[in-house]
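Q: Provide a 3D model corresponding to the input given below.
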Amino acid sequence: MSDENAIKVVLREWSYWERSPAATIPRHVLDQPVHIQPDLALVVQGVRRCGKSVLLAQIMQQAAMDPHDCFFINFEDPRLSDRLDYRLCDSILQYAATHRRNRRCVFFFDEIQNVQDWQKWLHTRLERPTRHCFVITGSNAALLSGELASALTGRHTTIELFPFDWVEYRRARPAASFETYLSDGGFPRALTYEEPAALLREYFMDILERDVRRHVAARSTILLTQLVKTIYESTGSEVSLRNLARQLDTTADTIRTYLDACEAAYILVPCPYFTFSERQRAVRNKKYYPIDLGLRQAVITRTGADRGKALETVVFQHLRRRYGQVYYWRQRGEVDFIVQDGSSISPYQVSWDGALPRHVAAAEEFRSAFPQAESMQCISRATVEEWLSRDD
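A: Here you go, the predicted structure:
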């Protein structure tokens, strides 16, 4: 089969645009219109299986694009494995130019990090823009690291996509309760699958194998699996590299490397210590939260009620989506979350049954250390649904 015919077959099979995006759940990241320009690459990042492909269809609909001008390809397709270099990208553009002559085309490149020298190739296209546009999607935040970060400085916009939040989940399952959301999580396909836990366990291993292990060159996923499960079981607790290394019979450097890779793959989301000193922040332990409560529920072995950690995770993820970075603070007492919005510093406490005396004491301690901070907000089971829905 010729290169052109092979590309034609692969493009045709990956182009799923005939599926109506009107039947899908609108995603909050598109509440503000997305503008795609020839001199700016749009980068869509997020954990594997969180709905990036459907988001692309929604972007097409929002921008009123002609589906025939849109070309989607996943570079993990094994049929492309012997031609994964910049010349493949050139061939795709040439194919589009032949079949959509004098038309502006939009190219959706998924998992493009598999293509050798793609950074230089894309940089050249953005430096000398034609009418064509590029959207890059990937399951690893390392997509925008190193050479690419320098190459695309000022030449990209980024969207981070997560599994469904509470409002999106409620649209998908209007009759479900908040407690059900805490156990279901928000991976779209798992919500309609007959055995969601089995599917989520497959997701878990797929993320570890394809988005974590390959990046750290680990011999197997055994230690990675133990590490992530251990952190999932202690969600919201400070993580000591030395303690984890001792517990898992490895080195602190290995734990650090693996955690960095897990962060990049979005299977773990970090919550660093709040301080204005970068040096102090670097030496303090981080807290970690799962990307999705359904995923956590499917893989941990601990049983029994875990409502407090689940509620804390929901609040953390909401703040993370809204502000980009979330911190915690601890001295004698602990403030669960701190966010900054410009010069504003806002502390949050999370408690299933409402503020307790220790929360009040921690709030007073934090206010003494940061007198310019806003008043403490306490999110409880009684207030969380209204709080999560304010931006809807």
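Q: Only C-alpha atoms from now on, for both contacts and neighbour counts.
A: Will do.
Q: so where's the stretch 201-350 of the chain shaky on pLDDT?
A: The stretch 201-350 of the chain contains residues with pLDDT under 70 at 302-305.
Q: Show me the helices in it, by range?
A: Assigned by DSSP state H, counting those that start in this stretch, the helices in the stretch 201-350 of the chain fall at 214-216, 222-233, 241-248, 252-264, 278-283, 293-299, 307-323.
Q: Ser375 is nearest to which of the ones you listed?
A: Minimum separation from Ser375 across these (C-alpha to C-alpha) falls at helix 307-323, 16.3 Å.
Q: Now do the contacts for the residue nearest to the spatial centre of the chain.
A: Nearest to the mean C-alpha position of the chain, counting by C-alpha atoms, centre = their mean, stands Gly46 at 3.2 Å. Neighbour list for Gly46: Lys52, Gly138, Ser139, Asn140, Ala141, Glu160, Leu161, Phe162, Ala265, Tyr266 [criterion: C-alpha atoms under 8 Å, 6 or more residues apart in numbering].
Q: Just the buried ones among the residues you listed, please.
A: Neighbour-count burial (16 or more other C-alpha atoms under 10 Å) is assigned, among the contacts of Gly46, to Lys52, Gly138, Ser139, Asn140, Ala141, Leu161, Phe162, Ala265, Tyr266.
Q: Confirm for me that the first one is in contact with Val43.
A: What that stands for is Lys52. No. Using C-alpha atoms under 8 Å, Lys52 is not in contact with Val43, being 10.8 Å away.
Q: Which neighbours do the two have in common?
A: By C-alpha under 8 Å, 6+ apart, Lys52 and Val43 have these common neighbours: Thr137.
Q: other SSEs contacting the helix or strand hosting Ala6?
A: Element membership for Ala6 (DSSP states H and E) is helix 3-14. Applying 3 or more C-alpha pairs under 8 Å, 6 or more residues apart in numbering; DSSP states H and E, one finds that helix 3-14 contacts strand 70-74, helix 86-99.
Q: So Thr137: helix, strand or coil?
A: Following DSSP: H, G, I helix; E, B strand; the rest coil, the label given to Thr137 is strand.
Q: Count the neighbours of it for me.
A: 25 (other C-alpha atoms under 10 Å).
Q: again, but for Pro26
A: Look at Pro26: counted by other C-alpha under 10 Å, it has 17 neighbours.
Q: my read: it touches Arg170, true?
A: No. Pro26 lies out of contact with Arg170 (C-alpha under 8 Å); the separation is 11.5 Å.
Q: rewinding a little: highest average neighbour count across the helices of the stretch 201-350 of the chain: which stretch is it?
A: Per-stretch averages of neighbours, counted by mean count of other C-alpha atoms under 10 Å, single out helix 293-299 among the helices of the stretch 201-350 of the chain, with a mean of 23.
Q: Only the C-alpha atoms, please, for that one, written as CSV.
A: What follows is helix 293-299, C-alpha atoms only, in CSV (Å, rounded to 0.1, in the frame of the first residue of the first chain):
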residue,chain,number,x,y,z
LEU,A,293,-12.8,9.2,42.6
GLY,A,294,-14.2,6.4,40.6
LEU,A,295,-10.7,5.4,39.6
ARG,A,296,-9.6,5.5,43.2
GLN,A,297,-12.6,3.5,44.3
ALA,A,298,-11.9,0.8,41.7
VAL,A,299,-8.3,0.2,42.7
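Q: how far out from the middle of the chain is it?
A: Helix 293-299 sits 16 Å away from the centroid of its parent chain (C-alpha atoms, centre = their mean, to the nearest Å).
Q: Could you list every helix and strand in contact with that helix?
A: Applying 3+ C-alpha pairs under 8 Å, 6+ apart, one finds that helix 293-299 contacts helix 178-184, helix 196-207.
Q: would a markdown table of the ones you listed with distance to Thr254 and mean neighbour count be doable?
A: Below are the helices and strands packed on helix 293-299 laid out as a markdown table (distance: least, C-alpha to C-alpha, whole Å; neighbours: other C-alpha atoms under 10 Å):
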| stretch | distance to Thr254 | mean neighbour count |
| --- | --- | --- |
| helix 178-184 | 31 | 17 |
| helix 196-207 | 19 | 18 |
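Q: ok, back up a step: and the helices and strands packed on helix 3-14, which is most packed in?
A: Most buried of those by mean neighbour count (mean count of other C-alpha under 10 Å) is strand 70-74; its value is a mean of 20.
Q: Mind giving me the packing neighbours of that strand?
A: Under the contact criterion of 3+ C-alpha pairs under 8 Å, 6+ apart, strand 70-74 touches helix 3-14, strand 106-110.
Q: now do 6 Å
A: Using 3 or more C-alpha pairs under 6 Å, 6 or more residues apart in numbering; DSSP states H and E, the elements in contact with strand 70-74 are strand 106-110.
Q: picking up where we left off before, the inter-axis angle of the helix holding Ala6 versus strand 70-74?
A: Here the directions of helix 3-14 and strand 70-74 differ by 90 degrees (axes from the mean of the first three to the mean of the last three C-alpha atoms, to 10 degrees).
Q: what's helix 3-14 in contact with?
A: Ile73 (C-alpha atoms under 6 Å, 6 or more residues apart in numbering).
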